[in-house]
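Undergrad: Need a 3D model of the sequence below.
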Amino acid sequence: MVESSLWHPVALVGDVAQTPVAVQLLEQPVVVWRDAAGAVQAFADQCPHRGARLSLGRVTPEGQLECPYHGWQFAAGGRCTQVPALPAFVPPPGHCARAFEAREAHGLVWVRMEEQGSAALPGFAAEGDARLRKLNCGPYDVAASAPRIIENFLDMSHFGFVHEGWLGSRDATAIDDYRVEATATGLLATGCKAWQPQSNLHSTAPAQVEYTYEVTAPYAAVLTKVPEAGTTALDGWRESIALFICPITPVRSRVWFRLAVADFDSPDEKLQAFQHTIFTQDQPVLESQMPQCLPLDLRAELHTAADKASSAYRRYLRQSGITFGVC
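TA: Numbering: from 1, shown residues only. Presented below is the predicted three-dimensional model:
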């Protein structure tokens, strides 16, 4: 499965501390934890001895993951180091937990289940911009497929209805033509414009806002938005928002947003609250869509010129061989 060779977010970095954390990825239970060096580790959440959930165990003072059932201990990389019932026993190489690659980026723990090819972590250009403050918002557990959520993120024509009074108005719903081009990671949409009553936390007046959208992986996307000058309380306001999704099942997802904003003064909670408001307006609509998976046959649903970013996204998924969350 192509998806198992991709990097997927599974937890906030700060949530993986002293105890094992149970997560689910691509319908498989996974446990993430930190070894003695503080490096994040990811195993299949199943002891190879009698199948108990390793996430119910503990991390020993020596930095080993201990099974809750018989106390077998596993080192970073999955090797079994101790079987308490047989103190003199030296576990052979085959006595090991199934380990996955794990790393930290964008404030999240990422896991890759299979080492195939050279898949890179989804990019976020704003991450390295010291003029922008970064913080995470979420997670949100959503009864929708990851591709449905990405497509919604790329869509501007719902602003005047789902986000009326915030990102749009029923009196200004026309979508001007914009450009979409294919990229190595998905697509880039430029020249996207929307009239918005309150485009961001610091809006002081309605504004014409210019968006750029980029799909950076099958289940990741980034938008940047710049409002008209003079329409925000902060001069030079700009922001970039990344959407990172963990595909739990084909029709259930865990969602995080990574915010990069030109605001170093507002409390985290205030910045997160604006994004929370917007996404919780999207969520019930996303969960209502049928089918829950995203149809890749362009004949399965109707399309207009306003939908060309989402149509390009569907073509990209089909060309990439993605099968999880699509139909």
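
Undergrad: I figured residue 223 hits residue 240, correct?
TA: Yes. Between residue 223 and residue 240 there is a contact at 7.2 Å, judged by Cβ atoms under 8 Å. Using the backbone N, CA and C atoms, a C-beta is placed for each residue, glycine as well.

Undergrad: The two - which one has more neighbours?
TA: residue 240 (23 against 18; other Cβ atoms under 10 Å).

Undergrad: Name the SS class of the closest residue to that one other than its chain neighbours, please.
TA: Counting by Cβ to Cβ, 6 or more residues apart in numbering, residue 126 is the residue found nearest to residue 240 once chain neighbours are left out, at 3.8 Å. Three-state assignment for residue 126 (DSSP: H, G, I helix; E, B strand; the rest coil): helix.

Undergrad: Can you report how many residues lie near residue 126?
TA: By other Cβ under 10 Å, the residues close to residue 126 number 22.

Undergrad: Is residue 135 bridged to anything, and to what?
TA: Going by DSSP bridges, residue 135 is paired in beta bridges with residue 259.

Undergrad: And residue 210, by the same measure?
TA: Assigned bridge partners for residue 210, using DSSP bridges, are residue 193, residue 226.

Undergrad: buried residues in the lengthiest helix in the chain?
TA: The longest helix of the chain (DSSP state H) is helix 268-288. Across helix 268-288, burial judged by 16 or more other Cβ atoms under 10 Å covers 271, 272, 274, 275, 278, 279, 281, 282, 283, 286.

Undergrad: Give me the packing partners of that helix, helices and strands only.
TA: Helices and strands touching helix 268-288, by 3 or more Cβ pairs under 8 Å, 6 or more residues apart in numbering; DSSP states H and E, are strand 133-142, helix 146-154, helix 159-162, strand 252-261.

Undergrad: ok, now with 6 Å
TA: strand 133-142, helix 146-154 (3 or more Cβ pairs under 6 Å, 6 or more residues apart in numbering; DSSP states H and E).

Undergrad: In terms of secondary structure, what does whichever helix or strand comes after it contact?
TA: The helix or strand immediately downstream of helix 268-288 is helix 308-320, counting by DSSP states H and E. Under the contact criterion of 3+ Cβ pairs under 6 Å, 6+ apart, helix 308-320 touches helix 146-154, strand 179-182, strand 187-196.

Undergrad: Let's have those in a markdown table, adding distance to residue 262 and mean neighbour count.
TA: Listed next are the helices and strands packed on helix 308-320 as a markdown table, based on distance: least, Cβ to Cβ, whole Å; neighbours: other Cβ atoms under 10 Å:
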| stretch | distance to residue 262 | mean neighbour count |
| --- | --- | --- |
| helix 146-154 | 21 | 25 |
| strand 179-182 | 25 | 13 |
| strand 187-196 | 17 | 19 |
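
Undergrad: Save these as JSON lines, and put in mean pLDDT and distance to residue 171 too.
TA: JSON lines is the format used below for the helices and strands packed on helix 308-320 (pLDDT from 0 to 100; distance: least, Cβ to Cβ, whole Å):
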{"stretch": "helix 146-154", "mean pLDDT": "98", "distance to residue 171": "22"}
{"stretch": "strand 179-182", "mean pLDDT": "98", "distance to residue 171": "26"}
{"stretch": "strand 187-196", "mean pLDDT": "92", "distance to residue 171": "9"}
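
Undergrad: With distance to residue 115 added, can I get these in a markdown table?
TA: Converted to a markdown table, the helices and strands packed on helix 308-320 look like this (distance: least, Cβ to Cβ, whole Å):
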| stretch | distance to residue 115 |
| --- | --- |
| helix 146-154 | 22 |
| strand 179-182 | 27 |
| strand 187-196 | 27 |
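
Undergrad: closest to residue 137 out of those?
TA: helix 146-154 (13.3 Å; Cβ to Cβ).

Undergrad: Report the inter-axis angle for that closest one versus helix 268-288.
TA: For helix 146-154 against helix 268-288, the angle by axes from the mean of the first three to the mean of the last three Cα atoms, to 10 degrees is 120 degrees.

Undergrad: So the residue located most distally from the centre of the chain: helix, strand or coil?
TA: Going by Cα atoms, centre = their mean, the residue of the chain most distant from its centre is residue 88, 45.0 Å out. Secondary structure, three-state DSSP: residue 88 is coil.
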